[in-house]
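Trainee: Build me a structure from this.
(chains A and B)
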Number of protein chains: 2
Amino acid sequence: MEGMEPGTVRPGGRTARVRAAVLRAAGDALVEHGFDRLDLADVARRAEVGKTTVYRRWSTTTGLVADLLDDMAEQSSPRTDTGSLDGDLRANARLVVGTLTDPRQGALFKAVIAAATCDDRAAGALRRFYATRIEEWAPCVTRAAERGEVPSGTDAREVIRAVSAPLYYRFLVSGDPLDEPSADRAALAAGAAARAGAYGS
Amino acid sequence: MEGMEPGTVRPGGRTARVRAAVLRAAGDALVEHGFDRLDLADVARRAEVGKTTVYRRWSTTTGLVADLLDDMAEQSSPRTDTGSLDGDLRANARLVVGTLTDPRQGALFKAVIAAATCDDRAAGALRRFYATRIEEWAPCVTRAAERGEVPSGTDAREVIRAVSAPLYYRFLVSGDPLDEPSADRAALAAGAAARAGAYGS
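Mentor: Here you go, the predicted structure:
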């Protein structure tokens, strides 16, 4: 969902269209009611797709959330290349803040993260989603190491995680504001710690 | 709950004993079933306290979770003073990891954080809990600034948040392991970023 564009027209035949409609409806239902009240029959109704199709293809609400997360990972936007580590990390941090403060996306994230706290399959899908996003952004750090901006051997994924971590902490835990200054500070701190060798692997 | 000692004998009369029994039972119920299935009558049964007492005093499950968090904040352990910023931050990080990896405490934290994603009163209580913990540890940084270890004007609370953030990110979001090396790295990165002036206020 970071950078996912809702309603994007995608290629594909009927199967792909049905999947897109069902995942869109599942997202809507999660935003409105959260994971606990997610219901396959309700999702089918919202998507205007036969109930049998939904049950056959996704079986359970957890299966549906897992597929939604996989789709969000596929649809999420590519990393930015600004030419400097601080610029790249700032772009990443602002993308995360933009996503988490977007009313629909923010509610969707809260719903799937809450689902993951009590459901292993949702937790696995959430991990895959973040692994994909971290993998997408890690080359910013690898390139910075090649340019000599950070020590060689810096753990690129750990630096990318470090950018997101204080933003998710505000979002889920402390309730402190999520804004552009907090994004920029998260990027700055991760870059400074990386330069100091704190993420040496 | 960070550093809270379950079952600690506390002073107080019948009212305090009833509260302790009910909050202990509420914690047990949350660990077993999560927030969604928290039920005041079930908590009263577990605590061996009259149902009317529980309803009169806590009214709702959200009220009960809010009081549990307030109690956890009151019972949580004082900060460590090792004499150096890196030592203090490491002690803090290890305390957080110890808490989140404790089977009971970890499950309790997941339950209340999940509750906070969909309930404003639980979110408020969660914010108060973390504000108390951050306030407790902030003097580590203020003292480090006095000793000249970090720039004066460093935002002490932000440094403490930065220690916890990557640990909660692993716990709630990425699913990466929470262990002593990840604690030490979180402390090291926060200290390095603070020294580099990333938390200048």
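
Trainee: quick one: the longest helix anywhere in chain A to chain centroid distance?
Mentor: Looking across chain A with DSSP state H, the single longest helix is helix A:120-146. Its chain's C-alpha centre and that of helix A:120-146 lie 9 Å apart, by CA atoms, centre = their mean, to the nearest Å.

Trainee: If we go by neighbour counts, what in it is buried?
Mentor: For helix A:120-146, a neighbour-count test (16 or more other CB atoms under 10 Å in any protein chain shown) marks A:122-123, A:125-127, A:129-130, A:132-134, A:136-138, A:140-141, A:143-145 as buried. Using the backbone N, CA and C atoms, a C-beta is placed for each residue, glycine as well.

Trainee: when you check chain B, which of those turn up near it?
Mentor: Contacts with chain B are made by A:123, A:126-127, A:130, A:134 out of the buried residues of helix A:120-146, judged by CB under 8 Å from any CB of the partner chain.

Trainee: so where is chain A shaky, pLDDT-wise?
Mentor: Across chain A, the ranges flagged by pLDDT under 70 are A:1-11, A:201.

Trainee: Now do the domain split for it, please.
Mentor: Taking automatic domain parsing as the criterion, chain A consists of the domains A:13-68, A:73-195.

Trainee: Switch the ones next to chain B among the buried residues of helix A:120-146 over to a markdown table; also include distance to residue B:64.
Mentor: Listed next are these as a markdown table, based on distance: CB to CB, whole Å:
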| residue | distance to residue B:64 |
| --- | --- |
| A:123 | 26 |
| A:126 | 28 |
| A:127 | 31 |
| A:130 | 32 |
| A:134 | 37 |
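
Trainee: So is stretch A:28-43 next to chain B?
Mentor: Yes. Counting by CB under 8 Å from any CB, chain B is contacted by stretch A:28-43 at A:34, A:36.

Trainee: Show the end-to-end separation of that stretch, please.
Mentor: Distance between the two ends of stretch A:28-43: 9 Å, counting by CA to CA, to the nearest Å.

Trainee: Pull out the buried residues from it.
Mentor: So stretch A:28-43, judged by 16+ other CB under 10 Å, has buried residues A:28-31, A:34-36, A:38, A:40, A:42-43.

Trainee: Stretch A:67-78 too?
Mentor: Neighbour-count burial for stretch A:67-78, counted by 16+ other CB under 10 Å, picks out A:67-69, A:71-73, A:75-76.

Trainee: how about these in JSON lines, adding distance to chain B and secondary structure?
Mentor: Shown next, in JSON lines, are those (distance: CB to the nearest CB, whole Å; DSSP: H, G, I helix; E, B strand; the rest coil):
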{"residue": "A:67", "distance to chain B": "18", "secondary structure": "helix"}
{"residue": "A:68", "distance to chain B": "16", "secondary structure": "helix"}
{"residue": "A:69", "distance to chain B": "12", "secondary structure": "helix"}
{"residue": "A:71", "distance to chain B": "18", "secondary structure": "helix"}
{"residue": "A:72", "distance to chain B": "14", "secondary structure": "helix"}
{"residue": "A:73", "distance to chain B": "13", "secondary structure": "helix"}
{"residue": "A:75", "distance to chain B": "19", "secondary structure": "helix"}
{"residue": "A:76", "distance to chain B": "15", "secondary structure": "coil"}
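
Trainee: Now distance to residue B:12 too, for these, in JSON lines please.
Mentor: Formatted as JSON lines, these follow (distance: CB to CB, whole Å):
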{"residue": "A:67", "distance to residue B:12": "52"}
{"residue": "A:68", "distance to residue B:12": "49"}
{"residue": "A:69", "distance to residue B:12": "47"}
{"residue": "A:71", "distance to residue B:12": "53"}
{"residue": "A:72", "distance to residue B:12": "50"}
{"residue": "A:73", "distance to residue B:12": "52"}
{"residue": "A:75", "distance to residue B:12": "55"}
{"residue": "A:76", "distance to residue B:12": "53"}
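
Trainee: Kindly indicate which of the residues you listed lies nearest residue B:94.
Mentor: Within these, the smallest distance to residue B:94 is 31.7 Å, found for residue A:69 (CB to CB).

Trainee: which one is that closest one nearest to, not counting chain neighbours?
Mentor: Leaving out its chain neighbours, the residue that sits closest to residue A:69 by CB to CB, 6 or more residues apart in numbering or on different chains is residue A:125, at 4.1 Å.

Trainee: ok, that neighbour touching residue A:71?
Mentor: No. Contact criterion CB atoms under 8 Å: residue A:125 and residue A:71 do not qualify, at 10.2 Å.

Trainee: how would you label residue A:87: helix, strand or coil?
Mentor: Three-state assignment for residue A:87 (DSSP: H, G, I helix; E, B strand; the rest coil): helix.

Trainee: so how many other residues sit close to the residue nearest to it when sequence neighbours are not counted?
Mentor: The spatially closest residue to residue A:87, leaving aside those adjacent along the chain, is residue A:80, at 8.0 Å (CB to CB, 6+ apart). For residue A:80, the neighbour count with other CB atoms under 10 Å in any protein chain shown is 17.

Trainee: distance of residue A:80 from chain B?
Mentor: Going from residue A:80 to chain B by CB to the nearest CB, to the nearest Å gives 21 Å.

Trainee: so what's the backbone phi/psi at that residue?
Mentor: phi -90, psi 140 (degrees, to the nearest 10).

Trainee: Verify the stated contact: residue A:94 with residue A:180.
Mentor: Yes. Shown here, residue A:94 and residue A:180 form a contact pair, counting by CB under 8 Å, at 6.7 Å.

Trainee: Between these two, which has more neighbouring residues?
Mentor: Comparing residue A:94 with residue A:180 by other CB under 10 Å, the one with more neighbours is residue A:94, at 17 against 13.
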